[in-house]
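>>> pasted the sequence and its predicted model underneath.
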Amino acid sequence: MLRVNIKKTFPEFELDIAFEAGPGVTGILGPSGSGKSLTLECIAGIDKPDEGKIELNGRILFDKEKHMDIKTRHRHTGYMFQHYALFPHLTVKQNLAFGLKGRPKKEIEEKTAAFLKKIKMEGFENRYPAELSGGQKQRVALARTLITEPSCLLLDEPFSALDPDTKELVMEEFLSFLHDHFHGVVLLVTHNMEEADLLCDNVILYRNGKVLQQGPKKEVLKHAVARQDARNPAAIRT
């Protein structure tokens, strides 16, 4: 279980949110500038809230009052960036192994081989990111995130860089892979209601740095306010 109750203030914007997310895929839905990615960064420890508390499976990651701020590498969170952030100078195998630095060589070899098989990219281990398709890059980025065995997976608009013609198929494969290989908390940032409907179990609707609605996706997405906000981002842009 992930519990988030934080506030972060900028000159022209304030993030002030509170929510809980259990196992399964929880979508954070809202327009650009509503604080979605900032939320993930605070959970991962990339950015720091001004106030509040973040707790994952009963373990405190951040607590302003208690002066607790666990370093990113010790939070047991996996972060998949919007454009995947694969290292262009490293091969597929080297990208997968990057998060396993310091572990025994045999363990690294076994884990990378296992994940190459899971993402159906055996034979691609010596290729570089520039030689991969968008869907292949996404699979490598997801595997690199999961190989470290995180308790919480943070996905920042992972489908925005994909070709529209292949997007639906990739999303279905992505969801199937997650169901088969990850059973923790997943937070998926998106501004697309169709993505949220296909991929998520629950949805948190953001507007202007606040939580407007949250709950099971069918409840949230069928609500008149949710439909208006998701389909007309200009109406809620910060």
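Alright, I've got the coordinates.
>>> hey, where'd the helices end up in this structure?
Using DSSP state H, the helices of the chain run over 36-44, 92-97, 105-118, 134-146, 164-181, 193-199, 217-222, 224-231.
>>> looking at the ones you listed, which is nearest to Ile6?
helix 36-44 (5.8 Å; CB to CB). Where you see a C-beta, it was placed from the backbone N, CA and C, and this is true even at glycine.
>>> now do the same contact list for the closest residue to Asp69 other than its chain neighbours.
Distances taken as CB to CB, 6 or more residues apart in numbering put Phe62 closest to Asp69, at 5.4 Å, once the chain neighbours are dropped. Applying CB atoms under 8 Å, 6 or more residues apart in numbering, we find Phe62 in contact with Ile6, Cys42, Gly45, Lys48, Pro49, Gly52, Lys53, Ile54, Met68, Asp69, Ile70.
>>> is Phe62 bridged to anything, and to what?
Following DSSP bridges, Phe62 is listed with bridge partners Ile54, Asp69.
>>> ok, the residue most central in space within the chain to Glu14 distance?
Centroid-nearest residue in the chain: Leu155, 1.6 Å away (criterion: CA atoms, centre = their mean). For Leu155, the distance to Glu14 (CB to CB, to the nearest Å) stands at 24 Å.
>>> pretty sure Glu14 contacts Lys8?
Yes: counting by CB atoms under 8 Å, Lys8 is a contact partner of Glu14 at 7.2 Å.
>>> comparing these two, which residue is more hemmed in?
The neighbour comparison of Glu14 against Lys8 (other CB atoms under 10 Å) goes to Lys8, with 21 against 16.
>>> list the contacts for Thr145?
Gly78, Tyr79, Met80, Gly99, Leu153 are the contacts of Thr145 under CB under 8 Å, 6+ apart.
>>> and it, what's its pLDDT?
Thr145 carries a pLDDT value of 90.
>>> mind starting the numbering at 429 from now?
Sure, I'll start numbering at 429, so the last one becomes Thr573.
>>> any idea how far it is from Leu649?
27 Å.
>>> cool, Lys494 as well?
Separation of Lys494 from Leu649 (CB to CB): 37 Å.
>>> likewise for Leu570?
25 Å.
>>> look at those two and report which has more neighbours.
Ranked by neighbour count (other CB under 10 Å), Leu570 and Leu649 place Leu570 first, with 24 against 21.
>>> isn't the more buried one up against Tyr507?
No: if you go by CB under 8 Å, Leu570 and Tyr507 don't touch, sitting 11.2 Å apart.
>>> just name the shakiest helix or strand of this protein by mean pLDDT.
helix 652-659 (a mean of 49; mean pLDDT, DSSP states H and E).
>>> the nearest residue to Glu469 once chain neighbours are set aside - how many residues pack around it?
In space, and not counting its chain neighbours, Glu469 is closest to Asp475: 4.0 Å by CB to CB, 6+ apart. For Asp475, the count of nearby residues is 14 (other CB under 10 Å).
>>> where does the protein dip in pLDDT?
589, 652-666 (pLDDT under 70).
>>> contacting residues for the residue of it positioned farthest from its centre?
Seen from the C-alpha centroid of the chain, the residue lying at the greatest distance (CA atoms, centre = their mean) is Lys534, 29.0 Å away. If you count contacts by CB under 8 Å, 6+ apart, Lys534 has none.
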